[in-house]
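Peer 1: quick one, structure for this:
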Amino acid sequence: MKGFENYDTADAFIDIPLKDTGAGYQIELPDKVWKTVIDCQVGVYMRTGEGRMYLGSDHIGSIDQKGNPMVALENSWPHIGGELICYNAHQARETEEGTVFSGRTRALLNGKTEIELFIECDPVKEASDQPMEAYILGYEYVNDPLSFMAKGLYPLQAGDTLQFLFDFYDDEGKLVKTDTYGKKVRVLRDSSVSVKDGPFGECDLQFGGMLTDIYQRTFLTETLETHVEK
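Peer 2: Predicted coordinates for the structure are as follows:
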């Protein structure tokens, strides 16, 4: 097929080695493979009494000497209204104003309806040290049979409550359950809920790189573990 002449039919790379450089973990991949990679994120799990809670994935880390992204993790993760969320980043997009980062998270709206909230940051210019400003664009209903009729995203209303949803896995990677975690967040003004990076608090984390290539295959690095202090 045109455009897929160089498609590699080999199995996707799994447990790709990571090398600690002191400034991040370098992903050891052949140059040929790097040429097909279009996105690199870090997937994170938190150990809890109910299993490994998936916190999602985000763009974290600097670049190595060849200009390839590295894996890193600091004591910071997206929060909404001060509560930890399972944040799944979209592929970053380039605009004339800068790079736009966006993502989504699942929640229970008013204690009963599962929704997906869409989050976006203002464009970030290259080498900028300004903190990113993020906001909620709106939400969609999950498993809504009439979603094809919806026009755009629904806005949050004053008085709405949000409880954020997480997937819990056992050590073999089997999904144990999907449940809420953390406190309920109340919307005080229409569409006005803070979206900011905040500390994890003291916990044990697992993290690793998640790469996507031009054929939309996902490559996974080895998994690392770390303990975060308060």
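
Peer 1: okay, the nearest residue to Gly61 once chain neighbours are set aside: pLDDT?
Peer 2: Distances taken as CB to CB, 6 or more residues apart in numbering put Ala72 closest to Gly61, at 3.9 Å, once the chain neighbours are dropped. Any C-beta I mention is one placed from the backbone N, CA and C, and that applies to glycine too. Looking at Ala72, its pLDDT reads 95.

Peer 1: what does Leu84 give?
Peer 2: 97.

Peer 1: for it, give its distance to Arg47.
Peer 2: As for Leu84, its distance to Arg47 is 14 Å (criterion: CB to CB, to the nearest Å).

Peer 1: kindly report the same for Lys177.
Peer 2: 15 Å.

Peer 1: which of these two has more residues huddled nearby?
Peer 2: Arg47 (15 against 10; other CB atoms under 10 Å).

Peer 1: beta partners of that one?
Peer 2: Arg52 (DSSP bridges).

Peer 1: how far away is it from Glu222?
Peer 2: Counting by CB to CB, the gap from Arg47 to Glu222 is 17 Å.

Peer 1: could you tell me the end-to-end distance of stretch 213-223?
Peer 2: Criterion CA to CA, to the nearest Å; first-to-last residue distance in stretch 213-223 is 20 Å.

Peer 1: quick one: distance of that stretch to the chain centre.
Peer 2: 15 Å (CA atoms, centre = their mean, to the nearest Å).

Peer 1: for that stretch, buried residues please.
Peer 2: Asp213, Phe219, Thr221 (16 or more other CB atoms under 10 Å).

Peer 1: and for stretch 21-29?
Peer 2: Gly24, Tyr25, Gln26, Ile27, Leu29.

Peer 1: show me these that map onto strands.
Peer 2: Among those, the members found in strands (DSSP state E) are Tyr25, Gln26, Ile27.

Peer 1: quick one: residues contacting the first one.
Peer 2: Contacts of Tyr25 were listed using CB atoms under 8 Å, 6 or more residues apart in numbering, and they are Leu18, Lys19, Gly61, Met70, Val71, Ala72, Gly209, Thr221, Leu224.

Peer 1: can you put the buried residues of stretch 213-223 in TSV and add secondary structure?
Peer 2: Output for the buried residues of stretch 213-223, formatted as TSV (DSSP: H, G, I helix; E, B strand; the rest coil):
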residue	secondary structure
Asp213	strand
Phe219	strand
Thr221	strand
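
Peer 1: as JSON lines, those residues with distance to Gly173 and pLDDT would be great.
Peer 2: Converted to JSON lines, the buried residues of stretch 213-223 look like this (distance: CB to CB, whole Å; pLDDT from 0 to 100):
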{"residue": "Asp213", "distance to Gly173": "22", "pLDDT": "90"}
{"residue": "Phe219", "distance to Gly173": "17", "pLDDT": "91"}
{"residue": "Thr221", "distance to Gly173": "15", "pLDDT": "96"}
